[in-house]
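1. Provided below are the primary sequence and the corresponding predicted coordinates.
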Amino acid sequence: MKLSFTYTALPKNLFSEVNPKKFQDPQLILYNKNLSNTLGIQHENMTTNYLVETLLGYHLPENHRPIAQAYSGHQYGNFTTLGDGRAMLLGEIISRTGERFDVHLKGSGQTPYSRNADGNATLSTMLREYIISEAMSALRIPTSRSLAVIDTGEIVCRQHPEHGAILVRVAPSHIRFGTFEYARRDGNLGTIQSLLEHTIQRHYPELINSENTALALLDAVMRRQAELITEWMRVGFIHGVMNTDNMTVSGDTIDYGPCSFMNRYDLQTVFSSIDKNGRYSYGNQPYICKWNLARFAESLLPLLSNDHKQAVALAEKTIEQFDSIYEIKWLNMMANKLGLVNVKSADKDLIFDLLSIMHRNSLDYTNTFYGLTYDLSSLEKEKKSDIDAWLLQWKKRLATSKNSIDSAQMHMKNYNPVIIPRNHLVESALKSSQNGNLDPAMSLASVLREPYQLLKNIEQYQTVPPNFDDDFQTFCGT
């Protein structure tokens, strides 16, 4: 596995060198061969032991050591200094298509940023990230990917003792909003300038010759974030911990801790055990995204203009565009889910009427759009007069655009998944893994690779156990 190391050219206070932790008997649990092939890793020529050692960083060039990245973050609105407390960046790999990706270990032991924690991770939490991140990729949502899960052979204590594990994670980069916040707090203008230039070169090379590169980056990041949140909303995904240290400047989803998927449609849906006030609920995600972008903008102020007032004005003018940009993206997304072409302002009423019906009747978000796309009779079985009336209005709207139901549904199949990582299915698979049975986790991960394909036994992936959501909670796993 040939790695390069551009991040270490940045100022040294943005990272710390660390040593790979040695394990006596690490075992490969899951290996993503499709992703491996995309990255150009010649795993076929390696023994399993050598592959595991390579993934753990035991065969790096002599002049290179992995690094833990430093960053800050606003966690639930409060600023704190952080860093990779249980992770390390092995290096960067160039894929077969010429794209650069970080190869990153999660659960790899203590670093200078561990803050008295053990730096470890449990097998169930790393399997969880593998399953959900790969499902998100299959759902066509920008995300980090999971290359492998390795059992460390150690025992890690959280709620109860579990097998320890490392996730080998791949992402366009791990440059976060919080990385810029950390650089800004450093007080050295050269640090944040170097980070800005590195970020633009890596993720936004089209901005290199911009008149004001910091302002151009802020605008580009805002637009990518608006697109990302729109995609989360499309499939009912709830990140669960939208702190600024968990938001990437590349616009990819990372850090699958207390994440979940919404079953019954409700904007206030939240399952995270640490989100006591619903700050990061499903419906709040666009607003929190804008709040996080404002914190990112603050970190760029010295680079926006030498005049502080002008810098603030430029930042505010840019951030205030978020609402309209997101609204347009969200409206077009919902129109695609309903097969509407040539979106009209009146379509807002049709969309909000459906969402209101779904909320009043506690309808399942994914299943409702599945019914519209594949099986209208499944909605008619709900025996809800308001859904029947809405269906008539929807069909009338399609007719006015000379769009048949068949052609609309063909279009909708690209936007409405048949299956998602249902919370109860994920939890059941993880519970089995804790008892030594990995088959359910592997089977679920396999099924979720094709979320837009019809399955013969579809009901088992659509039916949520009664009252499951009432007591369900997700945990961060640290």
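-> Alright, I've got the coordinates.
2. How far off centre is the longest helix along the chain?
-> Scanning the chain for the helix with the most residues, using DSSP state H, yields helix 213-235. Here helix 213-235 is found 13 Å from its chain centre; the criterion is Cα atoms, centre = their mean, to the nearest Å.
3. What is the least confident helix or strand in the protein?
-> helix 376-380 (a mean of 82; mean pLDDT, DSSP states H and E).
4. From Ala138, how far off is Ser260?
-> Using Cβ to Cβ, to the nearest Å, we find Ser260 at a distance of 17 Å from Ala138. Where C-beta positions appear, they are placed from N, C-alpha and C, glycine not excepted.
5. ignore the last one, Asp186
-> Distance, Asp186 to Ala138, using Cβ to Cβ: 39 Å.
6. same check, this time on Met222
-> From Met222 to Ala138 the distance is 27 Å (Cβ to Cβ).
7. and Asn403, helix, strand or coil?
-> The three-state label given to Asn403 by DSSP: H, G, I helix; E, B strand; the rest coil is coil.
8. Need the per-residue pLDDT for the closest residue to Arg360 other than its chain neighbours.
-> Excluding its sequence neighbours, the residue lying closest to Arg360 (Cβ to Cβ, 6 or more residues apart in numbering) is Asp386, at 7.4 Å. Note for Asp386: predicted pLDDT of 83.
9. Over to the one 5 residues further on?
-> Residue-level confidence at Leu391 comes out at 93, pLDDT.
10. ok, it touching Ser377?
-> No. Applying Cβ atoms under 8 Å as the test, Leu391 and Ser377 come out as separate, 11.0 Å apart.
11. coming back round to it: more crowded one of Ser260 and Ala138?
-> Remark: of Ser260 and Ala138, Ser260 carries more neighbours, 26 against 20, as counted by other Cβ atoms under 10 Å.
12. coming back round to it: next, the contact list for the residue nearest to Arg360, please.
-> Counting by Cβ atoms under 8 Å, 6 or more residues apart in numbering, Asp386 makes contact with Ile357, Arg360, Asn361.
13. which one of those residues has the most neighbours?
-> Using other Cβ under 10 Å as the neighbour test, the contacts of Asp386 are led by Ile357, with 19 neighbours.
14. Correct me if wrong: that residue contacts Leu372.
-> No. Between Ile357 and Leu372 there is no contact under Cβ under 8 Å: 12.0 Å.
15. Check the offset of stretch 270-286 from the chain's centre.
-> Between the centre of stretch 270-286 and the centre of its host chain there is 15 Å, according to Cα atoms, centre = their mean.
16. Then stretch 257-275?
-> A distance of 14 Å separates the centroid of the chain from that of stretch 257-275, by Cα atoms, centre = their mean.
17. Go through that stretch and flag the buried ones.
-> Counting neighbours by 16 or more other Cβ atoms under 10 Å, one finds that the buried residues in stretch 257-275 are 257-266, 269-272, 274-275.
18. do stretch 83-102 as well
-> Within stretch 83-102, the residues that count as buried by 16+ other Cβ under 10 Å are 83-93, 101-102.
19. How far does it stretch from one end to the other?
-> One end of stretch 83-102 to the other measures 16 Å (Cα to Cα, to the nearest Å).
20. try stretch 29-47
-> 15 Å.
21. Report the distance from that stretch to the chain centre.
-> Centroid separation for stretch 29-47 versus its chain: 23 Å, with Cα atoms, centre = their mean.
22. Kindly reformat the buried residues of stretch 83-102 as CSV containing distance to Leu207 and secondary structure.
-> Below are the buried residues of stretch 83-102 laid out as CSV (distance: Cβ to Cβ, whole Å; DSSP: H, G, I helix; E, B strand; the rest coil):
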residue, distance to Leu207, secondary structure
Gly83, 27, coil
Asp84, 27, coil
Gly85, 32, coil
Arg86, 33, coil
Ala87, 28, strand
Met88, 29, strand
Leu89, 24, strand
Leu90, 28, strand
Gly91, 25, strand
Glu92, 20, strand
Ile93, 24, strand
Phe101, 21, strand
Asp102, 21, strand
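23. Please identify which of these is nearest to Met334.
-> Closest approach between these and Met334, by Cβ to Cβ: Phe101, at 31.9 Å.
24. which residue sits closest to the closest one, ignoring its sequence neighbours?
-> Once flanking residues are discounted, Phe101 sits nearest to Val170: 5.0 Å by Cβ to Cβ, 6+ apart.
25. a helix runs through the one you found, doesn't it?
-> No. Using three-state DSSP, the secondary structure at Val170 is strand, not a helix.
26. what's the neighbour count on it?
-> 21.
27. Can you read off the pLDDT for Glu162?
-> On the pLDDT scale, Glu162 gets 88.
28. Next: the one 10 residues further on.
-> Pro172 carries a pLDDT score of 97 in this model.
29. how close does it get to Glu92?
-> Taken as Cβ to Cβ, the span from Pro172 to Glu92 is 10 Å.
30. Quick check: neighbours shared by the two?
-> Counting by Cβ under 8 Å, 6+ apart, the contacts common to Pro172 and Glu92 are Arg100, Phe101, Asp102.
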